[in-house]
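Undergrad: Generate coordinates for the sequence data below:
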Amino acid sequence: MGLFGKLFSKEENKEELEQGLEKTRESVFSKLSRAVAGKSTVDAEVLDELEEVLISSDVGVDTTVKIIERIEERVAQDKYLGTSELNQILRTEIAALLKDKTDGQTGFELPEKRPYVLMVVGVNGVGKTTTIGKLAYQFKKAGLKVVLGAADTFRAAAVDQLEIWSKRVDVPIVKQAMGSDPASVAFDAVQSGLSKEADIVIIDTAGRLHNKVNLMNELSKIKRVMQKLVPEAPHEVLLVLDASTGQNALEQAKQFSKATEVSALALTKLDGTAKGGVAIGISDQLQIPVKYIGVGEGIEDLQVFDKDAFVKSLFDR
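TA: Sure thing, here's the model as predicted:
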């Protein structure tokens, strides 16, 4: 069990998760119910309807095809497959697609040599700064020392918003003037983390995708300068995505994965969308684990992603 996973009670999270996935669950169930209405077996028509249900829930075409093919294999193998078994099969297949390299652990383990450096990337408007603030809050609540680095120096609003969170959570922030070199801010933040004997340094970065080459160069430079102080930095690159944008979130994930080595995902705004299926598609297509999910606007409404709880909440009424 990683450190961050210990910050949450599964029982406390259960109700929040179920409420957060309500729109997706109701959308899936109402459509799935129509798909199997009057049917006793899973036939070609049911599979066609199921395909439409999954795609409309933003699971994505490629992942949907994979799920349908696996169910077709089951139909061929079992000869007879009742519609009553469809939910359980879907649960099994979706859980299998969410299986990733973080299975068996949640969050992370703090290294012996601290600070642990977390670099956060994502386009503007996805809830990146808010996610950083909520992470800082949870870390501090666990008794850890946190330092924030405002390396998104191209947007005054980004620095201001992060500063508001630093005051709200009561953790130090390292910032420079607008237009400063982001790598310089990141270097100063890590240096501050070392001098303050911080456990964790969280670096916010610019959210621009209009020029992938510039983004790639910028993120690479940030990594290089941080490694002068902490050779293993960043220990994790967390990409924040807005789940309500559906397939656009998947496209953003693809672009950022090309620009830098994204090691984990945070999906925000799951509570406000019927497109929660995007978590399945992104995890499957990019083989990057979803680590955190946002299921509300409150400061504690950020959860470690539990694939089993996610699938259960998605299918249980």
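
Undergrad: could I get the one helix or strand Glu93 maps to in PDB with only the CA atoms?
TA: Remark: Glu93 resides in helix 86-97, with elements defined by DSSP states H and E. Only the C-alpha atoms of helix 86-97 are listed here, as PDB (Å, rounded to 0.1, in the frame of the first residue of the first chain):
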ATOM      1  CA  LEU A  86     -23.900  -9.500 -19.500                       C
ATOM      2  CA  ASN A  87     -23.400  -7.200 -16.500                       C
ATOM      3  CA  GLN A  88     -20.900  -9.500 -14.800                       C
ATOM      4  CA  ILE A  89     -19.000 -10.100 -18.000                       C
ATOM      5  CA  LEU A  90     -18.800  -6.400 -18.600                       C
ATOM      6  CA  ARG A  91     -17.500  -5.900 -15.100                       C
ATOM      7  CA  THR A  92     -14.800  -8.500 -15.600                       C
ATOM      8  CA  GLU A  93     -13.700  -7.200 -19.000                       C
ATOM      9  CA  ILE A  94     -13.600  -3.500 -17.900                       C
ATOM     10  CA  ALA A  95     -11.700  -4.400 -14.700                       C
ATOM     11  CA  ALA A  96      -9.200  -6.300 -16.900                       C
ATOM     12  CA  LEU A  97      -8.700  -3.300 -19.100                       C
END
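
Undergrad: Buried residues of it, list them for me.
TA: For helix 86-97, the neighbour count (16 or more other Cβ atoms under 10 Å) marks 86, 89-91, 93-94, 97 as buried. Glycine gets a C-beta too; all of them are placed from N, C-alpha and C.

Undergrad: Can you list the residue ranges for strands in the stretch 101-250 of the chain?
TA: Using DSSP state E, counting those that start in this stretch, the strands found in the stretch 101-250 of the chain span residues 116-121, 146-150, 173-174, 200-204, 236-242.

Undergrad: Kindly reformat those strands as CSV containing mean pLDDT, distance to Val36 and mean neighbour count.
TA: What follows is these, written out as CSV (pLDDT from 0 to 100; distance: least, Cβ to Cβ, whole Å; neighbours: other Cβ atoms under 10 Å):
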stretch, mean pLDDT, distance to Val36, mean neighbour count
strand 116-121, 96, 41, 25
strand 146-150, 98, 49, 29
strand 173-174, 98, 53, 22
strand 200-204, 97, 46, 29
strand 236-242, 94, 32, 24
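
Undergrad: Adding distance to Leu302, write those out as TSV.
TA: Formatted as TSV, the strands of the stretch 101-250 of the chain follow (distance: least, Cβ to Cβ, whole Å):
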stretch	distance to Leu302
strand 116-121	13
strand 146-150	14
strand 173-174	19
strand 200-204	13
strand 236-242	11
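
Undergrad: what's the closest of those to Val59?
TA: Nearest to Val59 among the strands of the stretch 101-250 of the chain is strand 236-242 (14.9 Å), distances taken as Cβ to Cβ.

Undergrad: Report how many residues lie close to the nearest residue to Thr260 once chain neighbours are set aside.
TA: Leaving aside its chain neighbours, Thr260 sits nearest to Leu219 (4.4 Å; criterion: Cβ to Cβ, 6 or more residues apart in numbering). Neighbours of Leu219 under the rule other Cβ atoms under 10 Å: 24.

Undergrad: quick one: the helices in the stretch 101-250 of the chain?
TA: Using DSSP state H, counting those that start in this stretch, the helices of the stretch 101-250 of the chain run over residues 128-141, 156-169, 182-195, 212-227, 247-259.

Undergrad: Any chance of JSON lines for those helices, columns distance to Glu236?
TA: What follows is those, written out as JSON lines (distance: least, Cβ to Cβ, whole Å):
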{"stretch": "helix 128-141", "distance to Glu236": "11"}
{"stretch": "helix 156-169", "distance to Glu236": "18"}
{"stretch": "helix 182-195", "distance to Glu236": "14"}
{"stretch": "helix 212-227", "distance to Glu236": "12"}
{"stretch": "helix 247-259", "distance to Glu236": "14"}
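
Undergrad: So which of those is nearest Asp306?
TA: Smallest distance to Asp306 across the helices of the stretch 101-250 of the chain (Cβ to Cβ): 15.3 Å, for helix 128-141.
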